[in-house]
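1. coords please:
(chains A, B, C and D)
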There are 2 protein chains.
Amino acid sequence: MRLKKYTDYALRVLMYTATKNEEKVSIKEIAETFFISSEHIRKVVHQLSKAEYIETTRGRNGGIVLAKSPTDINIGSVIRIMENDFYLLECFDDGHNQCVITPACHLRHVIGEAMNAFFQVLDQYTLADLMENKEELRALMNQ
Amino acid sequence: MRLKKYTDYALRVLMYTATKNEEKVSIKEIAETFFISSEHIRKVVHQLSKAEYIETTRGRNGGIVLAKSPTDINIGSVIRIMENDFYLLECFDDGHNQCVITPACHLRHVIGEAMNAFFQVLDQYTLADLMENKEELRALMNQ
DNA sequence: AAAAAAGATGTATTTTTTATACATCTTTAT
DNA sequence: ATAAAGATGTATAAAAAATACATCTTTTTT
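-> Prediction:
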């Protein structure tokens, strides 16, 4: 049971961007801060942009800024966007399920309930909660 | 975010075995019931046996039986045994973590809390809860 | 107009993980 | 002895994830 690295990266991108209020940040500087290839940050930025968490500006002096207030960026929703696959069991994927006991099986409900509990926690937090100690984070990011 | 197929299979093995009270069941019959290769069931049975959920008997007339009452087989514990890797984020794996903001990052606590909520649900259920409609399950297993 | 800096996009490759299969044991009742 | 059952180790294949490369387009500056 893991999240994708891109999910992790996405949250870091948002946190980094949140340390700079309104000021544009480049993919390059995020990549260098976290010692991650720009290529990966680029992909993540693209997804975050499509999902309208950030706004990107091309060209010289371009960069990214948050598209909304940190209080409006819900952690659960970010994770739902970045992770695409929540088929914890075979029977969660109707198209490919071959388990014969599915019609009467309580397991799927139990696992489903557990997954709901997982997201219920995440849905209680926003980016703003992660930035509560912004100055400390800035220091670790060498700002 | 997925569980391993082996985790799914493990739960099916336990459920199948629970339909037969005390009576030994063979790997072959479980494999045939679920249309899964015996090879996989064998591996899963081996793990379940090491974890003392089932007892195996070799030789002719051998097979497997539950090692304890279904009420004593907790779903959360089975999943913890079958899944080995709970590094949802890079920073969960101390040995390989390279994220610079780890010392001050609240994200790990948020994700950790979510994972706890996930298991807290699972820990509330036992194999007995999954067998509440045993006869219906038996029918689907062609017994 | 050219150059430079930034993000956008598509594709390819590599690595890791997961799933699957094969071969060869050992055990035990008949 | 033989057959039926599980135990074990290893190898292969498939899928997913991670990473890298190449080539755009956009925009500001000179």
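
2. nearest to DNA strand D: which residue in chain A?
-> Minimum separation of chain A from DNA strand D (C-beta to the nearest atom of the strand) falls at A:Gly59, amounting to 2.1 Å. Where C-beta positions appear, they are placed from N, C-alpha and C, glycine not excepted.

3. quick check: closest non-adjacent residue to A:Ala104.
-> B:Glu136 (4.2 Å; C-beta to C-beta, 6 or more residues apart in numbering or on different chains).

4. report the secondary structure state of the one you found.
-> helix (DSSP: H, G, I helix; E, B strand; the rest coil).

5. and it, how many residues sit next to it?
-> Look at B:Glu136: counted by other C-beta atoms under 10 Å in any protein chain shown, it has 13 neighbours.

6. swap in A:Arg60?
-> Residues near A:Arg60, counting by other C-beta under 10 Å: 5.

7. around DNA strand D, pick out the residues from chain A.
-> Within reach of DNA strand D by C-beta under 7 Å from any atom of the strand, chain A has these residues: A:4-6, A:36-37, A:39-40, A:43, A:57-62, A:85.

8. could you pull out the strands for chain A?
-> A:54-57, A:63-66 (DSSP state E).

9. residue contacts, A:Lys50?
-> Counting by C-beta atoms under 8 Å, 6 or more residues apart in numbering or on different chains, A:Lys50 makes contact with nothing.

10. so for it, what's the pLDDT?
-> If you check A:Lys50, the pLDDT there is 91.

11. got it, and A:Arg58?
-> For A:Arg58, the pLDDT comes out at 88.

12. and it, backbone torsions?
-> The phi/psi pair for A:Arg58 (degrees, to the nearest 10) reads phi -80, psi 180.

13. and for it, the neighbour number?
-> 7.

14. tell me which residues in stretch A:90-97 are buried?
-> Neighbour-count burial for stretch A:90-97, counted by 16 or more other C-beta atoms under 10 Å in any protein chain shown, picks out A:Glu90, A:Cys91, A:Phe92.

15. does it reach chain B?
-> Yes. Using C-beta under 8 Å from any C-beta of the partner chain, stretch A:90-97 comes into contact with chain B via A:Glu90.

16. and what of stretch A:6-13?
-> Yes. Counting by C-beta under 8 Å from any C-beta, chain B has neighbours in stretch A:6-13: A:Asp8, A:Leu11, A:Arg12.

17. correct me, but the first one touches B:Glu90?
-> Yes. With contacts counted by C-beta atoms under 8 Å, A:Asp8 reaches B:Glu90, the gap being 5.5 Å.

18. now for these two: what residues contact both?
-> With C-beta under 8 Å, 6+ apart, A:Asp8 and B:Glu90 have common neighbours B:Cys99.

19. and chain A, which residues reach DNA strand C?
-> Residues of chain A lying near DNA strand C (C-beta under 7 Å from any atom of the strand): A:2, A:25-28, A:39, A:42-43, A:45-46, A:49, A:56-64.

20. wait, which of the strands of chain A is closest to A:Cys105?
-> Judged by C-beta to C-beta, the one of the strands of chain A that comes nearest to A:Cys105 is strand A:54-57, at 41.4 Å.

21. helices and strands around the closest one, which ones?
-> Packing partners of strand A:54-57 (3 or more C-beta pairs under 8 Å, 6 or more residues apart in numbering or on different chains; DSSP states H and E): helix A:5-19, helix A:38-50, strand A:63-66.

22. for those, which one ends up most surrounded?
-> Of all those, helix A:5-19 has the most neighbours on average by mean count of other C-beta atoms under 10 Å in any protein chain shown, namely a mean of 22.
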